[in-house]
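> can't give you the sequence, but here's the structure:
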């Protein structure tokens, strides 16, 4: 009897170790997405703004990690016992106890509490990374950093609590497996508010509705960034299964990764074909954003669809992204990297398509969730952006913008060997 109990305990401990390791590795993959965002954005901005965009990406990740450690994690997963204010007990040694792990039952933890924190913190950094590219080339660096404190400290974890934290949207029945709305649409909503406060880059829009293209400096770098994001998304969606150590969870993980991959592929093909039809050219930037649009679209539910259905969902996401980028330009909403279209518009599509393949989801709950997250993040962000603008300003001067924010904000150039463009 004791031997049987010992064997059962060993199996439980091994399963706990496997699930913890799997969770941590998925978190590492999501952290790698920070590199993808940095490379994508660095490739799609002009050379004279590259160092500043890279600086924003590294500092936003650091701010996200510290804010989530000190405050946001507890806010997002608050309870009647803990309230909404931070409790530092788990930071100084609290962890799952062996007796709790071996107790079994539905409430028994099956991965480390710190692994859960690590996986969640890279998600909030992803939401913040979305904003960086949308406000590129004309925003003050330190204004962006201050906004990052509010976004990662209050705005994101509040709507995160409504959903993944067991709040009112979760009770309504809102379904978002890995965060098409909770992460991606939230980041895009904050970005939209920032772009509206900032205004367009100088020279982007001319008279009589003219839209002037401002090409990025390094498309190979942008392509590398998109591929890194594609790879990191396997951790983003795959880790959201939360478990790997039983047959059902392992099969689910496999299905999630297959669907994630094929949705991205569908997004690339659809966006590239559509750009050929609309522009008579194969537009690489549309293809890259098509891939990301497909990934965002499937993120709300990468488990339920069959692989071909996931491809169609991703393809529609890629098409939506192309039309959204064109529409925002016509509205003179200047988003240098297409982040609002990719993460916002395609994110909303991803939220709303869930009931087509998941019988447990409803269109009403999805609509309530999508609209609520957008309104909260957009309005809260708008208040913060306007407050920062009033206190210290958010936009560099016209002269600084012309010279490039690399020199004015960071004091160095990304490509010093080359002659700086006057554009």
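Now that the structure is in, tell me what you want to look at. Just so it is clear, the model here is predicted, and its values are computed rather than measured.

> distance of the closest residue to residue 169 other than its chain neighbours from residue 362?
Excluding its sequence neighbours, the residue lying closest to residue 169 (CB to CB, 6 or more residues apart in numbering) is residue 162, at 4.2 Å. For glycine as for every other residue, the C-beta is placed from the backbone atoms N, C-alpha and C. Distance check for residue 162 against residue 362: by CB to CB, to the nearest Å, it reads 17 Å.

> residues near the residue nearest to residue 169, how many?
Per other CB atoms under 10 Å, the neighbour tally for residue 162 reads 22.

> Spell out which helix or strand contains it, please.
If you go by DSSP states H and E, residue 162 is part of helix 156-163.

> mind checking how far residue 25 is from residue 235?
7 Å.

> Comparing the two, which residue is more hemmed in?
The neighbour count for residue 25 versus residue 235, taken as other CB under 10 Å, is higher for residue 235 (25 against 16).

> And the average pLDDT for the one helix or strand the more buried one maps to is what?
Using DSSP H and E, residue 235 maps to helix 219-238. Rounded to a whole number, the mean pLDDT of helix 219-238 is 97.

> Go through it and flag the buried ones.
221-230, 232-238 (16 or more other CB atoms under 10 Å).

> Tell me the helix or strand right after that helix.
helix 247-279.

> That following helix packs against which elements?
helix 219-238, helix 284-299, helix 307-330 (3 or more CB pairs under 8 Å, 6 or more residues apart in numbering; DSSP states H and E).

> That helix - what's its average pLDDT?
Mean per-residue pLDDT for helix 247-279: 97.

> Could you give the separation of the lengthiest helix in the chain from the chain centroid?
Longest helix in the chain, counting residues (DSSP state H): helix 2-44. Centroid displacement of helix 2-44 relative to its chain, using CA atoms, centre = their mean, to the nearest Å, is 19 Å.

> Return the angle between stretch directions for that helix and helix 247-279.
Helix 2-44 runs at 10 degrees relative to helix 247-279, counting by axes from the mean of the first three to the mean of the last three CA atoms, to 10 degrees.

> and helix 2-44, average pLDDT?
For helix 2-44, mean pLDDT rounds to 90.

> my guess is residue 340 contacts residue 191, does it?
Yes. Contact criterion CB atoms under 8 Å: residue 340 and residue 191 qualify, at 5.5 Å.

> who touches both of those two?
By CB atoms under 8 Å, 6 or more residues apart in numbering, residue 340 and residue 191 have these common neighbours: residue 134.

> will you turn the helices and strands packed on helix 247-279 into JSON lines that also has distance to residue 122?
Formatted as JSON lines, the helices and strands packed on helix 247-279 follow (distance: least, CB to CB, whole Å):
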{"stretch": "helix 219-238", "distance to residue 122": "8"}
{"stretch": "helix 284-299", "distance to residue 122": "14"}
{"stretch": "helix 307-330", "distance to residue 122": "23"}
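
> closest to residue 409 out of the ones you listed?
Across those, residue 409 has its closest neighbour in helix 219-238 (19.9 Å, CB to CB).

> So what's the residue count around residue 306?
13.

> Distance check, it against residue 356.
Noted for residue 306: a distance of 12 Å to residue 356, by CB to CB.

> ok, back up a step: the inter-axis angle of the helix holding residue 235 versus helix 284-299?
Note on geometry: by the same axes, to 10 degrees, helix 219-238 and helix 284-299 are set 0 degrees apart in direction.

> lowest-pLDDT helix or strand in the chain?
helix 98-103 (a mean of 66; mean pLDDT, DSSP states H and E).

> Compute the inter-axis angle for the helix or strand just after it and helix 156-163.
Downstream of helix 98-103, the first helix or strand assigned by DSSP H and E is helix 113-134. Interaxial angle of helix 113-134 relative to helix 156-163 (the same axes, to 10 degrees): 120 degrees.

> Could you name the helices and strands sitting against helix 113-134?
Counting by 3+ CB pairs under 8 Å, 6+ apart, helix 113-134 packs on helix 2-44, helix 50-67, helix 73-76, helix 141-150, helix 156-163, helix 186-198, helix 339.

> Nearest residue to residue 324 in space, please, no chain neighbours.
Counting by CB to CB, 6+ apart, the residue nearest residue 324 is residue 341, at 3.6 Å.

> How about the contacts made by the one you found?
289, 293, 320, 321, 324, 325, 328, 335.

> mind redoing it with 7 Å?
When the contact criterion is CB atoms under 7 Å, 6 or more residues apart in numbering, the partners of residue 341 are 289, 321, 324, 325, 328, 335.

> which of these lies closest to residue 168?
Closest to residue 168, out of all of these and judged by CB to CB, is residue 324, at 29.2 Å.

> show me where pLDDT drops low in the stretch 251-400 of the chain?
For the stretch 251-400 of the chain, no stretch is flagged by pLDDT under 70.

> For stretch 188-197, buried residues please.
Result for stretch 188-197 [16+ other CB under 10 Å]: buried residues 188, 189, 190, 191, 192, 193, 194, 195, 197.

> Check stretch 306-314 too.
For stretch 306-314, a neighbour-count test (16+ other CB under 10 Å) marks 309, 310, 311, 312, 313, 314 as buried.

> can I get the residues you listed in a markdown table with distance to residue 351?
Formatted as a markdown table, those follow (distance: CB to CB, whole Å):
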| residue | distance to residue 351 |
| --- | --- |
| 309 | 16 |
| 310 | 15 |
| 311 | 19 |
| 312 | 17 |
| 313 | 12 |
| 314 | 15 |
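
> Could you look up the SS state of residue 336?
Using DSSP: H, G, I helix; E, B strand; the rest coil, the structure places residue 336 in coil.

> Burial check on it, number of neighbours?
The number of residues packed near residue 336 is 23, by other CB under 10 Å.

> measure it to residue 321 for me?
Distance from residue 336 to residue 321, counting by CB to CB: 15 Å.

> likewise residue 174?
From residue 174 across to residue 321, the span is 23 Å (CB to CB).

> out of those two, which sits in the more crowded spot?
Taking neighbours as other CB under 10 Å, residue 174 and residue 321 compare with residue 321 leading, 32 against 27.

> Spatially nearest residue to the more buried one, not counting backbone neighbours?
Counting by CB to CB, 6+ apart, residue 321 lies nearest to residue 293, which is 3.6 Å off, once chain neighbours are set aside.

> Next up, identify which helix or strand residue 377 is on.
Per DSSP H and E, residue 377 falls inside helix 363-391.

> Now do that helix: distance to the chain's middle.
16 Å.

> same question, stretch 292-304
On the basis of CA atoms, centre = their mean, stretch 292-304 sits 12 Å off its chain's mean C-alpha point.
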